[in-house]
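In: Have a look at this prediction, sequence included:
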Amino acid sequence: MARAVVIGAGVGGLAAGAALRRKGWDVTVLERVPVIEPVGSGLAIAANALKALDVLGVGDQVRRLATAEGRLGLRRADGRWLTHTTEAVADAKYGDSVVIMLRATLLEVLTEALGREHLRLGTAVHEVDADRGLVRTDAGDLEADLVVGADGINSALRRALFPGHPGPVYSGVTAWRGLIPRGGLAIPRCESWGRGAVFGIHLLAGDVVYVYATDVLPAGTVHADERAELLRRFGDWHDPIPALLRAADPARIIRNDVYFHAEPLPAFHRGRVALVGDAAHAMTPNLGQGACQAIEDGVVLAHHAGGARDGAAPEGALAAYSAARTERTAKVVQRSWALCRMSRLRNPLAVAMRDLGVSAAARLSPDLMLRSMDEVLSWRPPAETAR
């Protein structure tokens with residue numbers, strides 16, 4: 001039986017491991033931390049990724065985590081809607097809408113799909129021989145027919161495979177995320193844009209509200225009290241933003257600078273190694289496609305790797321994987337970055353023209369939100385692996 005070693009137990013690594021297991025591969029997923037803590041907050045699983053999760057046998061399980069149907073869309077800081085749609089319209093067009101869920105919950109679902117016995121925690125990787133498929137760890141060496149690099153945006157494996165690539169660059173914005181009890185508030189599903197700033201609100205299962213925000217800041221900026229900083233920046237925005245921030249636990253506010261791959265990699269493989277997720281194509285969060293593209297990666301990689309056979313050699317299969325994924329992910333990265341640039345506008349005239357343009361386009365084309373995402377959301381898994 002062919003063997004695969006996956007480095008990193010994030011969304012992309014677990015999805016790739018689970019997909020390869022379903023193809024009959026002997027899979028070991030390595031994760032350097034000894035315990036996977038339920039850190040992070042929410043993330044979006046859109047129609048394209050839900051179809052990929054069907055391949056892993058967990059799509060319906062994830063769909064059951066969806067919140068009640070309602071209007072979702074883009075608003076101004078004062079609350080006026082610029083464009084919107086409903087989950088029903090999206091479902092009719094793509095067969096699915098979008099599920100907003102806890103990152104920790106998705107990792108749990110993917111771990112079960114992989115099989116816990118195939119996850120090895122507390123194992124640091126020191127070196128990978130891409131040509132031989134040899135993985136050196138602090139617990140000994142592992143030989144593999146296929147090595148999957150899922151070690152995140154600062155991937156050491158990517159740097160080793162493509163030393164000339166410039167790596168991730170700063171987008172110019174920092175991001176906050178948090179989970180807040182609903183507390184009886186009416187919660188819209190929306191993203192609101194102001195002058196250089198964005199605030200998103202989504203209701204999760206269990207009456208928990210996932211909020212995220214971005215604003216233009218120099219890289220590395222740190223505030224003593226991030227919740228107080230959010231109140232300073234967003235305290236006069238439309239309801240229920242101020243009330244949510246006042247109810248937030250400062251200890252549960254996460255802040256990080258947003259980096260992305262402005263220059264795409266020439267390929268997602270070399271030798272017996274394939275890269276997935278942020279290691280291959282880190283993107284800004286503006287399209288909500290980071291986790292979605294990582295899940296797609298895992299399913300497409302397993303499709304091209306094929307069923308496990310003794311002595312399987314993946315070199316040709318990995319070239320096919322690169323060909324299938326590099327162009328698509330580069331487009332998603334660039335479209336997300338284009339939205340990020342629009343959201344960063346601070347000049348009052350430029351902001352007014354942006355908002356007017358979106359509002360006017362939405363009146364001319366009521367399904368503007370979906371049409372703008374059609375190429376992304378209409379993706380389907382490779383035919384022979386689809387549900």
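Out: Yep, that arrived.
In: tell me which element residue 360 is part of?
Out: helix 348-364 (DSSP states H and E).
In: Can you tell me which helices and strands that helix packs against?
Out: strand 81-86, helix 368-372 (3 or more Cβ pairs under 8 Å, 6 or more residues apart in numbering; DSSP states H and E). Glycine gets a C-beta too; all of them are placed from N, C-alpha and C.
In: who's in contact with that helix?
Out: 74, 76, 82-84, 193-195, 342, 345, 368-369 (Cβ atoms under 8 Å, 6 or more residues apart in numbering).
In: Going by neighbour count, list what's buried in it.
Out: By neighbour count on 16 or more other Cβ atoms under 10 Å, the buried set for helix 348-364 is 351, 354-355, 358-359, 362.
In: Give me the neighbour count for residue 20.
Out: When counting by other Cβ atoms under 10 Å, one arrives at 28 neighbours for residue 20.
In: gap between the host helix or strand of it and the chain center?
Out: For residue 20, the enclosing helix or strand under DSSP H and E is helix 11-22. Put simply, helix 11-22 sits 15 Å off its chain's centre (Cα atoms, centre = their mean, to the nearest Å).
In: buried sites along that helix?
Out: 11-22.
In: related to what we said a few turns ago, mind giving me the PyMOL command for buried ones among the contacts of helix 348-364?
Out: Restricted to buried positions by 16+ other Cβ under 10 Å, the PyMOL selection for the contacts of helix 348-364 reads:
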select buried, resi 74+76+82+83+84+193+194+195+342+345+368+369
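In: List the contacts of residue 254.
Out: 39-41, 176-178.
In: where do the strands sit along the stretch 1-150 of the chain?
Out: Taking DSSP state E, counting those that start in this stretch to define them, one finds strands in the stretch 1-150 of the chain at 3-7, 26-31, 42-46, 71-76, 81-86, 98-102, 119-121, 125-129, 134-137, 140-143, 146-149.
In: Which strands border the fourth one, and is each parallel or antiparallel?
Out: The strands that strand 71-76 pairs with in its sheet are strand 81-86 (antiparallel), strand 189-193 (parallel) (by DSSP bridges).
In: on that earlier part again, save the contacts of helix 348-364 as TSV, and put in pLDDT too.
Out: Below are the contacts of helix 348-364 laid out as TSV (pLDDT from 0 to 100):
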residue	pLDDT
74	93
76	96
82	92
83	90
84	86
193	97
194	97
195	97
342	96
345	97
368	68
369	69
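In: Among the contacts of helix 348-364, which one sits closest to residue 259?
Out: residue 342 (18.6 Å; Cβ to Cβ).
In: Can you point out the helix or strand that includes the closest one?
Out: helix 315-343.
In: packing partners for that helix?
Out: Short answer (3+ Cβ pairs under 8 Å, 6+ apart): helix 315-343 packs on strand 169-181, strand 254-260, strand 269-270, strand 273-275, helix 278-281, helix 290-305, helix 374-377.
In: now the last one: how far from the chain's centre is it?
Out: A distance of 15 Å separates the centroid of the chain from that of helix 374-377, by Cα atoms, centre = their mean.
In: what residues does that helix touch?
Out: Contacts for helix 374-377 (Cβ under 8 Å, 6+ apart): 46-48, 90, 93-94, 287, 289, 331-332, 335, 370.
In: Lowest pLDDT pick from these?
Out: pLDDT is lowest at residue 370 among those; the value there is 72.
In: my guess is that residue meets residue 89, correct?
Out: Yes: in this structure, residue 370 is within contact of residue 89 by Cβ atoms under 8 Å, at 6.8 Å.
In: Compare those two and say which one has the larger neighbour count.
Out: The residue with more neighbours, out of residue 370 and residue 89, is residue 370; 19 against 16, by other Cβ under 10 Å.
In: contacting residues around residue 221?
Out: 174, 257.
In: How about the one 10 residues further on?
Out: Residue 231 is in contact with 242, 245-246, counting by Cβ under 8 Å, 6+ apart.
In: Hey, what's the angle from the helix holding residue 20 to strand 26-31? Just curious.
Out: 160 degrees (axes from the mean of the first three to the mean of the last three Cα atoms, to 10 degrees).
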